[in-house]
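**Student:** Give the three-dimensional model of this entry:
(chains A and B)
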Amino acid sequence: MSRQSDSRSFPVSLGSIARRPEAGSLVGLVIVYTFFAILGGAVFIGAPGWSSWLNIAAEVGIVALPVGLLMIAGELDISVGSVIPASSMTAAIVSGHYELPAVVGIVAALGVGLLVGFVNGYLVVRTRIPSLIVTIGTMFAVMGLTLGFAVLISGSTSVFLVPDPVTKTVLGAFIGGMFNVSMFWWAGFAVAIFYLLHVSPIGNWIFAVGGDRESAHNAGIPVKWLTVSLYMLSGFAAAFVGVLQLMTYQSAQVAAGQSFIFNSIMCVVIGGVLLTGGAGSVIGIVIGTMTFAIVNQGIFFSGLDPNVGSLIIGALLLGAVLSNDTFRKLALNYATKKS
Amino acid sequence: MNKFSRIAATVSTVAIAACVATSVMAADIFVIGGKPDDPFWSRVKKGAEDAGVVAEAQGGSVTWLGPQNYDNLGPDAAELIRQAIDQGADAIVGPDWVPEAMDPAFEAVVAAGIPLVIYNAGGIEAADRLGAMNYVGAVDYKSGYAGGEYLGSAGHKNGACVNTLPGAANIEAFCNGFNDGIKAAGGTGSVLQLPATAFGDATAVAQAVRAHLLQNPDIDAMFAIGDGDTNATVSGISQAGKAGKVHVCGMNFNDSILNNIQQGTQDCAIDQQGYQQGFFAVSILNNFVNYGVTIPTREILTGPGVIDASNVDLVIEGVKAGAR
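**Tutor:** Below is the predicted model of the structure:
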């Protein structure tokens, strides 16, 4: 679906750019950046400003990418909000409380993410319950288990871990004192998921499942396997962010992570992914994440009331959905005219 | 004096003697508090038990009553207060967490003539309202004030309080206290108000702090309202390239914060000193029941206690002993 522009007419015309699914998101990004660049001035345009919003974008972005894949496949994942604290708490308890090597804690934390993802996927394909409800259910279950085990094992709702230098460098350091290494992990995730969605055949399966689940199944696509895998990927990514946060801030708290639920969905939608599934792109999700992060951080550079930031994000979200429809119609009109 | 009245006199003398004897010999003090495995409350409990050593030497006892969990805090705690009355307490210590649910039970304590001390929550207002002897605890406003005063007196005159939970009364009290404290030391204070979506997200807090500092280069002092937020604030300051230039105090502490104070990346932590709450509440009641002595000072403040480089080593020893 998104690969139609591969072969002919490579000279990039303005018209072909406008018909790319990311076009609307890109316009939004440019407008938002310009707006805050004017208000925020030199500090926002310089390295401190860039690192400020990139640090935010990286963590939301790592979660938003697989959540975006799920949304393209027509599913939602709310449970990321509790997988993040569950993972950082697991790593903190294993490596901080029991003082096992950091690797063991990280593997355990990522395992928790994969497990929650598997349960989500299994419940979604086995029952006919909408994924929104399934993952709200697992979110609360995981939240309760995290709180319960944290208090039972460590006697506290926050556990601390001082990572060894290697772990700290790889997962929680600030380059130049300001750029968090998480943004390289984000870039890595983006490349891997770009390959998955836009190059490998699995990408077409994801679009097909999101477009029409029944037909995809009839066409021989392993829909159930694919759904479970996508949920496990999303659980894994959320758990990875949990580990990054733990290594950066050296503490795990049972309440952290709820903000990621809506933030990741917003990034994906601002990035042009169709809420009903079947359309979207990795570049769009990345652009959406950047836009979201720029508003989020730009607000502190602009001197505006922080609550105005939430207002702008809300307006952007609505604007994105409206403009996606417009651009989609544009693309469809063009296609019909041509044939 | 006839035979009957002689017997009556003897009996009453014995009865009075017995009463006096029991009250001198034993002050059975019941302490209502949090779960014993809660890190904060385990320190309060240790304080109560340490004061209880004296009570036991005098033949008395200290009994800790804590809820199984905090799901139904007010009614559960009210139930514990009534249990203490039923078990024949000579004196009761309790926090006024949820006045609506707990005040009737406290009123029953006072009505039964049992000496009562309110501690940890409720303030002197609750003690006055309920007819309790005293209040032992910290006051949120004064904790913030201590942070502002500490940083202001150290020469850091432009402060900002990081409010990650706008609207919560105790957090507003911390920030108002901080601003008043730094003003009293000749500085100015402001509040960095974060959107509600940032709560609990260390990255969001750190980046907000950092952006705020870059945009307001004059700020040289910050106050955070909890230990997690303090860690995030310290990170935001160093990312802004302002480590050593912007000074931080925060509420509460944990191992990593004590470490930061030792390293010098954090200036001070404000502690409400739970150990003192348990210790003094029990001592006041034990001495009153045994000897009738009172503490005329109303509102015994156990906090704010300031932890900085000068006493951090002692605090670490206290942590090892379970008292801090």
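
**Student:** got the residue ranges for the helices in the chain?
**Tutor:** You didn't say which chain, so I picked chain A. For chain A, the helices defined by DSSP state H cover A:14-18, A:23-45, A:47-72, A:80-91, A:102-126, A:131-154, A:165-171, A:182-194, A:201-211, A:213-218, A:223-249, A:259-270, A:282-302, A:306-338.

**Student:** wrong chain, I was asking about chain B
**Tutor:** B:3-25, B:39-57, B:73-86, B:99-111, B:123-130, B:140-153, B:169-184, B:202-215, B:227-239, B:255-263, B:274-291, B:312-321.

**Student:** Could you give the average pLDDT over the last one?
**Tutor:** It refers to helix B:312-321. Averaging pLDDT along helix B:312-321 yields 89.

**Student:** now swap in the fourth one and tell me
**Tutor:** Throughout helix B:99-111, pLDDT has a mean value of 93.

**Student:** just the second one next, same as before
**Tutor:** Summarised as a single mean, pLDDT over helix B:39-57 is 90.

**Student:** for it, packing partners?
**Tutor:** Counting contacts by 3 or more Cβ pairs under 8 Å, 6 or more residues apart in numbering or on different chains; DSSP states H and E, helix B:39-57 is packed against strand B:28-32, strand B:61-65, helix B:274-291. Bear in mind the C-beta positions are built from the backbone N, C-alpha and C, glycine included.

**Student:** Could I get the helices of chain B in a markdown table, plus columns for mean neighbour count and distance to A:Leu246?
**Tutor:** Formatted as a markdown table, those follow (neighbours: other Cβ atoms under 10 Å in any protein chain shown; distance: least, Cβ to Cβ, whole Å):
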| stretch | mean neighbour count | distance to A:Leu246 |
| --- | --- | --- |
| helix B:3-25 | 11 | 54 |
| helix B:39-57 | 20 | 19 |
| helix B:73-86 | 18 | 30 |
| helix B:99-111 | 17 | 37 |
| helix B:123-130 | 18 | 37 |
| helix B:140-153 | 24 | 27 |
| helix B:169-184 | 21 | 25 |
| helix B:202-215 | 26 | 9 |
| helix B:227-239 | 26 | 11 |
| helix B:255-263 | 19 | 12 |
| helix B:274-291 | 24 | 27 |
| helix B:312-321 | 14 | 22 |
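
**Student:** Going by proximity to chain A, name the top residue of the stretch 151-300 of chain B.
**Tutor:** Residue nearest to chain A within the stretch 151-300 of chain B (Cβ to the nearest Cβ): B:Ala211, separated by 3.4 Å.

**Student:** Please tell me how far that residue sits from A:Ala42.
**Tutor:** Plainly put, B:Ala211 is 14 Å away from A:Ala42 if you go by Cβ to Cβ, to the nearest Å.

**Student:** Spit out the contact partners of B:Gly66.
**Tutor:** Contacts for B:Gly66 were tallied using Cβ atoms under 8 Å, 6 or more residues apart in numbering or on different chains; they are B:Ile32, B:Gly33, B:Gly34, B:Lys35, B:Pro36, B:Trp41, B:Lys45, B:Leu80.

**Student:** May I have the phi/psi pair for it?
**Tutor:** phi -130, psi 150 (degrees, to the nearest 10).

**Student:** Now do it, the pLDDT please.
**Tutor:** Reported pLDDT for B:Gly66: 90.

**Student:** do the same with the one 4 residues further on
**Tutor:** B:Tyr70 carries a pLDDT value of 76.

**Student:** pLDDT wise, what is the residue of the stretch 151-300 of chain A found nearest chain B at?
**Tutor:** In the stretch 151-300 of chain A, the residue that lies nearest chain B is A:Phe300 (3.4 Å; Cβ to the nearest Cβ). A:Phe300 is assigned a pLDDT of 85 by the prediction.
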